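K.L.:
with the input below, show me the fold.
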Amino acid sequence: MKKNLLFFILFVFSSTLLFGQKTNLHKSLFEKKNELKIDAVKLLTFPSLEIEYERIYNDWMSLGGIMSIGNGGNIGFPRFNTEAFWRGYFTKAEAYGSKGFFGQAFLTYRVSDYEHWENNHTLMSRYSGAGVGFAIGYKWTNKAGFVIQLDWGLSRILVANTDYFDELQPKFGIKTGWRF
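P.N.:
Here you go, the predicted model:
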């Protein structure tokens, strides 16, 4: 009788431990704090791959970075661009947090090609520059973690190694990704 009682107590205790554990596969969206996104517009229309990583700190704030690599085939579009950003969300906290309307401030560094005239010849040259910018956007997130994001903004190149470029640089995109 004591063996059966001991076996029953061990069985109940071990089954409680097994069923009480959470797995990473079933984390709620509140527990998922990282997002990885790819810009579909730049991937499909320009020869460029843009990847964005965002770390969510709470329902209204996140930090992240963007890296874009292109072949420079289009004048004015970067061969390489990197950004670090702070993002603030202004939509009332809903089911999954860190979604809805946002504003963003960012620092940028880019390398691009440009055309200029010298001695009656058209020359292609490369410049690099650093600047600051601001953007606005909207992000949708479903409970499985799929993300769609629209954003638009402007940056101003403050420091560059040439005078042959536009100081104002537009920023736009449609990004899709995953929260994990």
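K.L.:
from Tyr114, how far out is Phe106?
P.N.:
Taking Cβ to Cβ, to the nearest Å as the measure, Phe106 falls 22 Å from Tyr114. To be clear about C-beta, it is placed using only N, CA and C from the backbone, and glycine gets the same treatment.
K.L.:
look at those two and report which has more neighbours.
P.N.:
Phe106 (20 against 15; other Cβ atoms under 10 Å).
K.L.:
worst-scoring helix or strand of the chain, pLDDT-wise?
P.N.:
Least confident helix or strand of the chain, by mean pLDDT, DSSP states H and E, is helix 2-20 with a mean of 53.
K.L.:
what residues does the helix or strand just after that helix touch?
P.N.:
Sequence-wise, the next helix or strand downstream of helix 2-20 (DSSP states H and E) is strand 34-39. Contacts of strand 34-39 with the rest of the structure, by Cβ atoms under 8 Å, 6 or more residues apart in numbering, involve 48-56, 64, 68, 147, 149, 173-180.
K.L.:
how far does strand 34-39 sit from the chain's center?
P.N.:
5 Å (Cα atoms, centre = their mean, to the nearest Å).
K.L.:
quick one: mean pLDDT over that strand.
P.N.:
Across strand 34-39, pLDDT averages out at 96.
K.L.:
and after it, which helix or strand comes next?
P.N.:
Downstream of strand 34-39, the next assigned helix or strand under DSSP H and E is helix 40-45.
K.L.:
for the helix or strand just after that following helix, C-alpha coordinates in CSV please.
P.N.:
Downstream of helix 40-45, the next assigned helix or strand under DSSP H and E is strand 48-58. Provided in CSV are the C-alpha atoms of strand 48-58 (Å, rounded to 0.1, in the frame of the first residue of the first chain):
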residue,chain,number,x,y,z
SER,A,48,18.9,46.5,-52.9
LEU,A,49,18.5,44.3,-49.9
GLU,A,50,17.4,46.1,-46.7
ILE,A,51,17.2,44.2,-43.4
GLU,A,52,15.8,45.8,-40.2
TYR,A,53,16.2,44.5,-36.7
GLU,A,54,14.1,46.0,-33.9
ARG,A,55,14.4,45.3,-30.1
ILE,A,56,11.2,46.0,-28.3
TYR,A,57,11.6,47.4,-24.7
ASN,A,58,7.9,48.0,-23.9
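K.L.:
in its sheet, what does strand 48-58 sit against?
P.N.:
The pairing partners recorded for strand 48-58 under DSSP bridges are strand 34-39 (antiparallel), strand 61-70 (antiparallel).
K.L.:
quick check: longest strand of the chain.
P.N.:
In the chain, taking DSSP state E as the definition, the longest strand is strand 121-141.
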